[in-house]
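J.: just a sequence and a predicted model for now, questions to come.
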Amino acid sequence: MTTDTAQRRKERIDRGIKVRSDGIYALLSWRELAYLSVPRLVLILGILALPLLMPGMYWQRVISIVCIYAFLAMSFDFLAHYVGLVSLGGAFFVGTGGYIAALLNTTFGLPPLVTIPAALILGAAVCTLLLIPCLPLRGVYFAIVTLMYPLFMARLIEALDIFGGTDGILGIDSFTNPWVEQYFVVVMVLVLLFGLRRLVNTDLGLVLRAVKDNDQAVRASGMNVTRYKALAVFIAAGMGCLSGACLVHTYMWAGISQFALDFSVLPIAATVIGGSGTLVGPVLGCLILVPASELLRDFGTLRIVFYSLILVTFIVFRSEGLMVYGQRKYHQFQRWTEI
Amino acid sequence: MTTEPILQVENVTKTFGGIIALNRVSFEVHEGEILGVIGPNGSGKTTIVNCITGFIKATSGHVRFRGKNITGKAPHKIADMGVARTFQIMRPYYSLPAYKNLVIPLFSPRARRTGGWRGGGRLGDRNTVGIDILEEIGFERDSYVPYKMTSTLPTGYLKRLELARCLALKPELILCDEVFSGLSMSEIASMVPLIERIQMDGITLIMIEHRLRELFQVATRVMVLNFGEKIMEGSPDEVMADARVREAYFGSEEVQEVMDHA
Ligand SMILES: Nc1ncnc2c1ncn2[C@@H]1O[C@H](COP(=O)(O)OP(=O)(O)OP(=O)(O)O)[C@@H](O)[C@H]1O
Ligand SMILES: [Mg+2]
């Protein structure tokens, strides 16, 4: 028994080297293939099945909101973990994307399938241009400045009484039917998840990670750090604007509350719970937090307390996040059964 | 010499508040040379590297690279022209495996334009080219070392990695800030031929060193800084014989040793 555990431990170390060698894999058997592909299949099928499993319109709507928050949470995770920009500007992206989609829809009568991609591109461009002056800032300074943007935008719309002022923009078209709405956001979660995962492993993604690790060395290699940061912000802002555009078409309304700080804060909480740097973790975090906040709706403002409790519990007991923990366990388990 | 110098530094002064880190320093570097720069701690060696490569802006004075004024240009633009540098406090990408460190310079506009190290950057896979460079610079190819997480590598490999990052860029000039320091005698001995090979590849070098014996083996010319001023310049032999250098280094055992050797 004791010798047995000793052997198992050795196997774990060996596996560790393979893991550290990052991407140098040799698939030796069907079993190893299954080992790599089963979690992905479970994830894809699970997410695709979600709308079908919901017991009614209300909960299906909740799933849409989960997905909309998931775009934001992935965008936060991507910027924070792979580029080193901790952005509290989620609400800024949502509001910008939301208002652009709303205006395109109400003034030009464009359908959601046009306004959403347009809001994504235009919104990302606007957000990136406005954030470029902040890109040289580091760490908490960048975070604080990005937090000012949504506050500023909300007050600006209120004070100048533009875009419907405090009433917001009403009469926005919804998706043609609930299933289109559901599956559009669900499929987008998967597309963005696997797209981002691929991106961070390309040479370009490596440069972004290098910017986080050590921007001086990137400069010394003849690369314009600000330009790469701007590109990353463009991608993240695009995802946030996508959230906003989907949101206004789901609620058929755009208003100042789209700049509310919930959109900046909840994705961060979801990332903490799900595990930062995993990209899939933040999606999982949204899947826990958004329904939880729906269930707690009856408690009124008291739900903030429950909410905080969940968060504190996670930070204290599983600070690495669910996915990091899960992935570690999964790999360890494999190492033990290999021999 | 009638050819134009590859690098001209003219009256560069740098002050930090009240401290004068560099005081009207001028020198030239010619193509294919290895210029050694020595001086006691705090004499401004790292500061001159930072001023040349744009990481800090000189208070006054000019720097010309191949006749073009590069004073005050952004660091990435200067690097893009072919001026690479190492950092005295090593700056690898600790979160990446060693060979992935080289994918970044190989992906840079300069490497893609020039083909990077030996033109390899143009031919597809940057990972393989990265491993080729690491092998040339002294990483054992058929081992785990190039694939190891950078944060787990010992100093000797990190110093080589700094040089490798410069080479990947296909530079014309490399400024090495103490690549020998922190290494054992045998490690330095294996680095010397490497430096010579880089020079044979047609790359000009400026080498800042405290390890005088090894520096004097490779350097074609040596400049001495003391308290931010250039106190002399000449061949290694001339520098060793100079009284001012003895004075600046007074008490430094190694200089005594090297001089006695001579
Ligand atoms: N960023 C800075 N701010 C203030 N003073 C600085 C700064 N950088 C360097 N100095 C000062 O400038 C002087 C020259 O420093 P420098 O780092 O160039 O010395 P060095 O010759 O490289 O020394 P060492 O051999 O220890 O590396 C020192 O007195 C140092 O304290
Ligand atoms: Mg120094």
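T.: Good, I have the coordinates. Ligands and ions are numbered 1, 2, ... in the order given.
J.: now the residue of the stretch 201-339 of chain A found nearest ligand 1: closest residue in space, sequence neighbours ignored.
T.: Using C-beta to the nearest ligand atom, the closest approach of the stretch 201-339 of chain A to ligand 1 is made by A:Gln216 at 13.0 Å. (Each C-beta comes from the backbone N, C-alpha and C, glycine too.) What sits nearest to A:Gln216 in space, not counting adjacent residues and going by C-beta to C-beta, 6 or more residues apart in numbering or on different chains, is B:Arg91, at 5.6 Å.
J.: what about the strands in chain A?
T.: A:169-170, A:253-254 (DSSP state E).
J.: packing partners of the last one?
T.: In other words, strand A:253-254. On a contact count with 3 or more C-beta pairs under 8 Å, 6 or more residues apart in numbering or on different chains; DSSP states H and E, strand A:253-254 meets helix A:90-108, strand A:169-170.
J.: quick one: is stretch B:136-149 near chain A?
T.: Yes - Stretch B:136-149 reaches chain A (C-beta under 8 Å from any C-beta of the partner chain) through B:Tyr144, B:Tyr147, B:Lys148, B:Met149.
J.: which among those residues end up buried?
T.: Buried residues within these, counting neighbours by 16 or more other C-beta atoms under 10 Å in any protein chain shown: B:Tyr147, B:Lys148.
J.: redo the residues of stretch B:136-149 next to chain A as CSV? Include pLDDT, distance to A:Val290 and secondary structure.
T.: Listed next are the residues of stretch B:136-149 next to chain A as CSV, based on pLDDT from 0 to 100; distance: C-beta to C-beta, whole Å; DSSP: H, G, I helix; E, B strand; the rest coil:
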residue, pLDDT, distance to A:Val290, secondary structure
B:Tyr144, 86, 44, coil
B:Tyr147, 90, 40, helix
B:Lys148, 90, 41, coil
B:Met149, 91, 36, strand
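J.: and which of the residues of stretch B:136-149 next to chain A is nearest to chain A?
T.: B:Tyr147 (4.1 Å; C-beta to the nearest C-beta).
J.: now do the contacts for whichever residue of chain B sits closest to ligand 2.
T.: Scanning chain B for proximity to ligand 2 using C-beta to the ion identifies B:Thr46 as nearest, at 3.1 Å. Residues near B:Thr46 by C-beta atoms under 8 Å, 6 or more residues apart in numbering or on different chains: B:Gln88, B:Asp177, B:Ile208.
J.: which one among those gets closest to ligand 1?
T.: B:Gln88 (5.5 Å).
J.: pLDDT-wise, which helix or strand of chain B ranks last?
T.: One helix or strand of chain B scores below all others by mean pLDDT, DSSP states H and E: helix B:253-261, with a mean of 59.
J.: just the pLDDT for residue 76.
T.: By default, I'm working from chain A. A:Phe76 carries a pLDDT score of 96 in this model.
J.: please refer instead to chain B.
T.: Reported pLDDT for B:His76: 96.
J.: make JSON lines out of the strands of chain A and add mean pLDDT, distance to A:Leu242 and mean neighbour count.
T.: As requested, the strands of chain A are exported to JSON lines (pLDDT from 0 to 100; distance: least, C-beta to C-beta, whole Å; neighbours: other C-beta atoms under 10 Å in any protein chain shown):
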{"stretch": "strand A:169-170", "mean pLDDT": "90", "distance to A:Leu242": "18", "mean neighbour count": "16"}
{"stretch": "strand A:253-254", "mean pLDDT": "92", "distance to A:Leu242": "15", "mean neighbour count": "24"}
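J.: output the ones you listed as TSV; include the columns distance to ligand 2.
T.: Converted to TSV, the strands of chain A look like this (distance: least, C-beta to the ion, whole Å):
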stretch	distance to ligand 2
strand A:169-170	60
strand A:253-254	56
